[in-house]
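Asker: Build me a model:
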Amino acid sequence: MSVLGAFMALSADGHKMLAVILMVLVPMASAQRSIVFVHGILSDAAEFNIMKPWIQKDFPGVNTYALAAYPDIYSLQPMWVQVEKFSEQLQSIMDKSPDGVKLICYSQGGVICRGLLSTMRHNVDTFIALSSPLAGQFGDTSYLKPFFHDIVKEEAYLLFYTKAGQVISVGNYWNDPHHHDKYLKENKFLTFLNNEVQHPNSSEYKSNFLRLKHLVLVGGPQDEIIGPWQSSHFEFYDNNEVVQPMENQSWYQNDAFGLQTLNKQGRIHTYSVPNVRHTHWAITFSVYDQCVKPWLGPSQSPP
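Answerer: Numbering: from 1, shown residues only. The predicted model follows:
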């Protein structure tokens with residue numbers, strides 16, 4: 001007897017029982033999607049331990065993964081090295097997430113995620129960047145004092161724009177607006193993601209990045225680490241250290257890596273959240289509730 005025939009032959013009680021079974025199985029099948037976390041500099045996968053239970057409560061059955069490869073001091077490894085290792089882990093998750101992946105990336109982790117989204121043919125539908133220096137970093141930060149002592153932002157290019165400086169993760173996204181020519185010449189990571197320099201993978205990077213359905217940018221003026229904090233919104237300094245909007249950046253105007261396309265199609269969503277210090281983005285419930293949670297359901301746009 002065919003499956004259809006067996007179904008038709010069921011009694012009324014049998015039909016009810018089958019309906020209950022289907023109600024259980026269909027949500028399980030639709031939950032083959034994953035939420036992936038990528039931690040920031042000088043931290044580790046535990047950085048999202050507070051947020052994960054909020055997600056699991058609001059979205060039962062969704063798989064959550066915190067990528068772990070370069071924790072603590074190892075997070076100062078070159079960005080391309082980190083991207084390569086994290087891409088192996090992300091690929092494994094994507095392979096078992098046919099309904100898509102959502103990335104929640106914090107601080108330097110957001111820049112790593114930019115690398116993943118550019119270099120992989122991914123099925124990430126939503127990229128949520130929490131206070132990430134997406135357009136680069138140019139600011140003194142207490143995070144780096146133990147490693148670089150009295151170096152100040154005006155002099156940091158002397159280190160970061162050298163061969164030795166480019167083996168330090170921060171050097172790979174250090175963007176000194178007063179030494180732009182040196183940045184273009186010496187930077188071996190951010191300039192490639194932005195397609196600011198010619199390289200053979202530029203069109204691939206752009207097409208991969210455009211696979212995103214939603215780019216969610218979260219930052220705020222009380223963040224004391226990211227300089228300028230608006231880098232989290234793809235805004236950055238001009239050579240007078242005046243922050244210019246995303247639309248004024250050269251790589252936006254020529255749509256070098258797809259940001260203009262995403263914006264014109266309404267796929268960029270920006271949040272400015274006051275009174276959040278840098279280390280609190282992943283542990284502040286209001287940030288999760290207002291900026292993260294609305295984007296964690298099925299792929300369609302939130303209400």
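
Asker: Touching, I112 and V38? I think so.
Answerer: Yes: with contact defined as CB atoms under 8 Å, I112 reaches V38; the gap is 5.7 Å. Using the backbone N, CA and C atoms, a C-beta is placed for each residue, glycine as well.

Asker: and for those two, which residues touch both?
Answerer: Shared contacts of I112 and V38, defined by CB atoms under 8 Å, 6 or more residues apart in numbering, comprise 86, 105.

Asker: Which residue ranges of the stretch 201-303 of the chain form strands?
Answerer: 214-219, 236-237, 243-244, 268-272 (DSSP state E, counting those that start in this stretch).

Asker: mind giving me JSON lines with the ones you listed and columns for mean pLDDT?
Answerer: Converted to JSON lines, the strands of the stretch 201-303 of the chain look like this (pLDDT from 0 to 100):
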{"stretch": "strand 214-219", "mean pLDDT": "98"}
{"stretch": "strand 236-237", "mean pLDDT": "98"}
{"stretch": "strand 243-244", "mean pLDDT": "98"}
{"stretch": "strand 268-272", "mean pLDDT": "98"}
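
Asker: Tell me where the model's unsure across the protein.
Answerer: Within the chain, the stretches with pLDDT under 70 are 1-31, 141-150, 299-303.

Asker: And the helices in it, which stretches?
Answerer: 3-9, 12-30, 51-58, 79-95, 108-119, 145-148, 153-160, 180-186, 190-193, 202-209, 250-253, 259-264, 285-287 (DSSP state H).

Asker: any idea which of those helices is most buried?
Answerer: Greatest average neighbour count among these goes to helix 108-119 (a mean of 26), per mean count of other CB atoms under 10 Å.

Asker: who does that one touch, helix- and strand-wise?
Answerer: strand 34-38, helix 79-95, strand 101-106, strand 124-130, helix 190-193, helix 202-209 (3 or more CB pairs under 8 Å, 6 or more residues apart in numbering; DSSP states H and E).

Asker: Figure out how far the second one is from the centre of its chain.
Answerer: Centroid separation between helix 79-95 and its chain, computed with CA atoms, centre = their mean, to the nearest Å, is 13 Å.

Asker: hmm, who's touching that helix?
Answerer: Helix 79-95 has contacts (CB under 8 Å, 6+ apart) with 34, 36, 38, 63, 65, 67-70, 75, 101, 111-112, 115-116, 119-120, 122-124, 169, 172-173, 188-189.
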